[in-house]
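Participant: fold the stuff below for me.
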Amino acid sequence: MSFAEWLYRYLIDEDMAGSNSSAFYPGPVELQHLPMSADERPEHWCGPDRGM
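Facilitator: Residues are numbered from 1 along each chain as shown. Reported below is the predicted structural model:
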């Protein structure tokens, strides 16, 4: 699909990244840094509040 078609579908709130991908979840985005070796632990952090 072309960028113009993707943009149009995105602007009309069509799910563009899978089922229910356009759903809004309040609060900050939660991120996880995965370990690079067996002795490391996953590191969690949160992005900024979305303010909505």
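
Participant: switch to C-alpha atoms for all contacts and neighbour counts from now on
Facilitator: Will do.

Participant: in the chain, where is pLDDT below threshold?
Facilitator: 16, 20-24, 51-52 (pLDDT under 70).

Participant: so which strand or helix has the residue located most distally from the centre of the chain?
Facilitator: Going by CA atoms, centre = their mean, the residue of the chain most distant from its centre is residue 39, 27.8 Å out. Following DSSP states H and E, there is no helix or strand that holds residue 39.

Participant: how much space between it and residue 8?
Facilitator: Distance of residue 39 to residue 8, computed by CA to CA, to the nearest Å: 46 Å.

Participant: again, but for residue 44
Facilitator: Distance from residue 44 to residue 8, by CA to CA: 34 Å.

Participant: where along the chain do the strands fall?
Facilitator: For the chain, the strands defined by DSSP state E cover 30-33, 43-46.

Participant: chain center to the last one, what's the gap?
Facilitator: What it means is strand 43-46. How far strand 43-46 lies from its chain's middle: 14 Å, per CA atoms, centre = their mean, to the nearest Å.

Participant: taking the centroid of this structure, which residue is nearest it?
Facilitator: residue 29 (7.5 Å).

Participant: for that residue, which non-adjacent residue is spatially closest?
Facilitator: residue 47 (5.1 Å; CA to CA, 6 or more residues apart in numbering).

Participant: that neighbour contacts residue 30, correct?
Facilitator: Yes. At 6.4 Å, residue 47 counts as touching residue 30 under the criterion of CA atoms under 8 Å.

Participant: list the contacts for the residue nearest to residue 29?
Facilitator: 28, 29, 30, 31 (CA atoms under 8 Å, 6 or more residues apart in numbering).

Participant: out of the residues you listed, who's nearest residue 4?
Facilitator: residue 29 (27.7 Å; CA to CA).

Participant: I'd say the closest one and residue 44 touch.
Facilitator: No. Taking contacts as CA under 8 Å, residue 29 lies outside contact range of residue 44: 10.8 Å.

Participant: residue 36: neighbour count?
Facilitator: When neighbours are counted by other CA atoms under 10 Å, residue 36 registers 9.
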